[in-house]
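> Give me the fold of what follows.
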Amino acid sequence: MLSVALRTLRARWATFTGSFVALSLGVALLTVTGLALASSAAAPERAPERFAAAPVVVKAQDTLRVPTPTGDRESRLAHPRPIPAATVARLRKLGTVVEDRSFPVTGGPTHMVGHPWSTAAFTPYDLVTGRAPRPVDEVVVTGDRVRVGQRLRTDRGTVRVVGTLASRGFENAVFFTDARAAHLPPAISQLVIKADPAAVTRAVGDSAQVLTGNARRLADADPGRDGEALTAMNSLFGTAGGVTAFVSVFVVASTFAFAVAQRRREFALLRTAGATPGQLRRSVLTEALAVGTLASATGCALASQGAPRLAAWVVGNGLAPAWFTIGDHTWPYHAAFWTGLLVALCGATAASWRAGRTGPTEALRESSAESGTITRGRLLSGTALLLAAAVTLGLSLAGDPADLLHRKSYISRPMLLITAAALLSPLVLRPLTRLLTWLPGACAMLVRENTAAGTRRTAALAAPVLVTVALAGSLLGATATLNRAKTTETSERTTAAFVVTPPAGTGFDDALRRLRAVPGAEMSPTSSTAVHVLEDDVALIRSEARAAHP
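Just a heads-up that it's a prediction; the model follows:
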């Protein structure tokens, strides 16, 4: 039967094209996602950026530490504590102190970050054109977006550009005079000191962090951004891999089911010639093994070319850090190759049993109409999955409805319902076809009668389309519903006629006093914060919150 199976592949190669293409693309996607996951398992430790030339950096405490029976739990504060004035005074006795203040600046050609001019030397930035700022309305900017002499209207006032610096790539900086920067955000979040690190550590105590060497990267803006980006990438690629495997199984299974339905008379003739049901099953599985081997190898070859392009795309669109590349990993190729073979064999198993049940007398039939609509095993499996989908949905709605909003829930729960619908599709295919082809005419009649005569064959063709459309619709619909719900929740929480916000990092006490003087005005000043809760003495949960005046 091995030679028969191989000859069948050569003679009926067009029949297996769908399985080959689907499996090749599925293995390619699995390999690419596996390579991306392997390459994003851990982020390399970044070198210091803003303070690469600073001897010692003192940074304000920005971490909450809570002792638990199993060790300390840590979480970032919503707003870092300022460095105490007493600590700054002690540090000035040890050496030269350069205070750093970082604050957003909007209104220019792009979103910028403001700093005191004296901190530019610790990156270091190189002055390309112009000079250092002197009056309070002069600034120096990085990059080539603005020219010397140009005036910028920003939320920090109108300023004049007197110099440009070579961009370092990690920020769009604008440097004010030290005096002007000191009046923008009053709190000192970090500073640079030229002194012995040990003496600085003793002077600071536990009121701030002392950073030297590679630890100075913690003073950069958002030092954990690489880890957050990799976490998002892992979720993206993990979801893509799971959906790919799910769809590939359906496409391959449906293609082999269609091929077996088309070759029913061929199998009947083989049975008449003396072939046993087991030989027919092995023949179909051999065909699946051959197609799976070729398709998996092709998919791995495609992935080797596609993975670097995917890495360049996610970096170019800001989904991954600039350093992200595909590493030299071999296990994704092995995992995807053997997964492709397993998918091919699993998809062909049901079809092989269908082929083995073909009787010799079916070769004598003049009609190609099928005798049954759905097998007992398919009916039981589809019913069980349908009940499981209904029960899990009911339990979630009755117990914890918020669980349905989690990504794992709105991805996995629809899969149960979609699989049940695909398995039970032969039951509803005939009445649906009659409903859709009610118009008179020869074409509608042929479609209606051909579907009725070959329900299983039609269901095999419709299943991949059903799965793809249903899965895409459920995922896109779930994300759109979540986004709309968040927008609605935010708008319903805000019932005020006007919302007034100050520039980021600043307050507006004078504006509040003037607003309170407006006749009939009702105000509710709030500020962003975070609430931390220790659950079961193990997990420290951080939640966004707003602090309001009672």
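> Confirm that Met543 sits in a strand.
No Met there; residue 543 is Ser. Yes. Applying DSSP: H, G, I helix; E, B strand; the rest coil, one finds Ser543 inside a strand.
> hang on, it packs against Val531?
Yes. Under the criterion of CB atoms under 8 Å, Ser543 makes contact with Val531 at 5.0 Å. Every residue, glycine included, has its C-beta placed from N, CA and C.
> shared neighbours of the two, which are they?
Common contacts of Ser543 and Val531 (CB atoms under 8 Å, 6 or more residues apart in numbering): none found.
> So the protein: which segments form each domain?
With domains defined by automatic domain parsing, the chain comprises 1-45+234-366, 56-225, 372-495, 509-548.
> among the helices and strands of the chain, which one scores worst on average pLDDT?
One helix or strand of the chain scores below all others by mean pLDDT, DSSP states H and E: helix 2-11, with a mean of 62.
> what sits against the residue nearest the centre of the chain?
Nearest to the mean C-alpha position of the chain, counting by CA atoms, centre = their mean, stands Leu236 at 3.2 Å. Taking CB under 8 Å, 6+ apart, we find Leu236 in contact with Leu319.
> Can you classify it as helix, strand or coil?
Applying three-state DSSP: Leu236 is helix.
> Tell me which of the domains of the chain is the most buried.
domain 1-45+234-366 (a mean of 19; mean count of other CB atoms under 10 Å).
> Please state the offset of that one from the chain centre?
Distance of domain 1-45+234-366 from its chain centroid, counting by CA atoms, centre = their mean, to the nearest Å, is 25 Å.
> What is the subsequent helix or strand relative to the least confident helix or strand of the chain?
Downstream of helix 2-11, the next assigned helix or strand under DSSP states H and E is helix 17-39.
> Show me the shaky parts of the stretch 201-350 of the chain.
Residues of the stretch 201-350 of the chain meeting the criterion pLDDT under 70: 223-224, 226, 261.
> Let's see that with 90 instead.
Filtered on pLDDT under 90, the stretch 201-350 of the chain yields the residue ranges 203-209, 212-295, 306-307, 310-330, 332, 336, 339-350.
> That one: helices as residue ranges?
Along the stretch 201-350 of the chain, the segments classed as helices by DSSP state H, counting those that start in this stretch run 225-262, 264-272, 277-316, 331-356.
> So for Leu397, which of those helices sits nearest?
Closest approach to Leu397 among those (CB to CB): helix 225-262, 23.6 Å.
> looking at the domains of the chain, which is closest to Pro502?
When the domains of the chain are compared by CB to CB, domain 509-548 sits nearest Pro502, at 7.3 Å.
> In which helix or strand does Ala530 reside?
Using DSSP H and E, Ala530 sits in strand 526-535.
> Could you pull up the contacting residues of the closest residue to Glu535 other than its chain neighbours?
Excluding its sequence neighbours, the residue lying closest to Glu535 (CB to CB, 6 or more residues apart in numbering) is Ile541, at 5.7 Å. By CB under 8 Å, 6+ apart, the residues touching Ile541 are His532, Val533, Leu534, Glu535.
> What separation do you get for the second one and Ala78?
The one in question is Val533. Plainly put, Val533 is 14 Å away from Ala78 if you go by CB to CB, to the nearest Å.
> And for the last one?
Taking CB to CB as the criterion, Glu535 is separated from Ala78 by 19 Å.
> thought Pro200 was touching Leu94?
You called it Pro, but residue 200 is Val. Yes. When contacts are counted by CB under 8 Å, Val200 is listed as touching Leu94 (6.3 Å).
> Common neighbours of those two, please.
Taking CB under 8 Å, 6+ apart as the contact rule, Val200 and Leu94 both touch Ile193.
> Make a markdown table out of the helices of the stretch 201-350 of the chain and add distance to Lys194.
Shown next, in a markdown table, are those (distance: least, CB to CB, whole Å):
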| stretch | distance to Lys194 |
| --- | --- |
| helix 225-262 | 29 |
| helix 264-272 | 86 |
| helix 277-316 | 37 |
| helix 331-356 | 49 |
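> Regarding Val128, what is its secondary structure?
strand.
> list the contacts for it?
Counting by CB under 8 Å, 6+ apart, Val128 touches Gly163, Thr164, Leu165, Ala166.
> do that again at 10 Å, thanks
Applying CB atoms under 10 Å, 6 or more residues apart in numbering, one finds that Val128 lies in contact with Val140, Thr142, Gly143, Asp144, Val148, Gly163, Thr164, Leu165, Ala166, Ser167.
> unless I'm mixing things up, the third one is touching Val161, no?
No. Under the contact definition of CB atoms under 10 Å, Gly143 does not touch Val161, with a separation of 11.2 Å.
> in what helix or strand does the nearest residue in space to Val146 that is not next to it in sequence lie?
Of all residues not flanking Val146 in the chain, Val161 sits nearest, at 5.2 Å (CB to CB, 6+ apart). In this structure, Val161 is located in strand 157-165 according to DSSP H and E.
> what lines up beside that strand in the sheet?
strand 127-130 (antiparallel), strand 138-142 (parallel), strand 151-154 (antiparallel) (DSSP bridges).
> Next, format the ones you listed as a markdown table and append distance to Pro321 and mean pLDDT.
As requested, those are arranged in a markdown table below (distance: least, CB to CB, whole Å; pLDDT from 0 to 100):
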| stretch | distance to Pro321 | mean pLDDT |
| --- | --- | --- |
| strand 127-130 | 27 | 90 |
| strand 138-142 | 20 | 91 |
| strand 151-154 | 28 | 87 |
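> Ok, which of these comes nearest Phe256?
Of all these, strand 138-142 sits nearest to Phe256, with 60.3 Å by CB to CB.
> so which of the helices of the stretch 201-350 of the chain gets nearest Arg65?
Shortest distance between Arg65 and these, using CB to CB, is found for helix 225-262: 19.0 Å.
> For Thr529, which residues are in contact?
When contacts are counted by CB under 10 Å, 6+ apart, Thr529 touches Leu77, Ala78, His79, Ser543, Glu544, Ala545, Arg546, Ala547, Ala548.
> Go through those residues and say which is closest to Gly71.
Closest to Gly71, out of all of these and judged by CB to CB, is Leu77, at 19.5 Å.
> Test my guess that the closest one contacts Ser528.
No. Applying CB under 10 Å as the test, Leu77 and Ser528 come out as separate, 11.6 Å apart.
> Now Gly18: closest residue in space that isn't a chain neighbour?
In this structure, Gly18 finds its nearest non-sequential neighbour in Thr255, 4.4 Å apart by CB to CB, 6+ apart.
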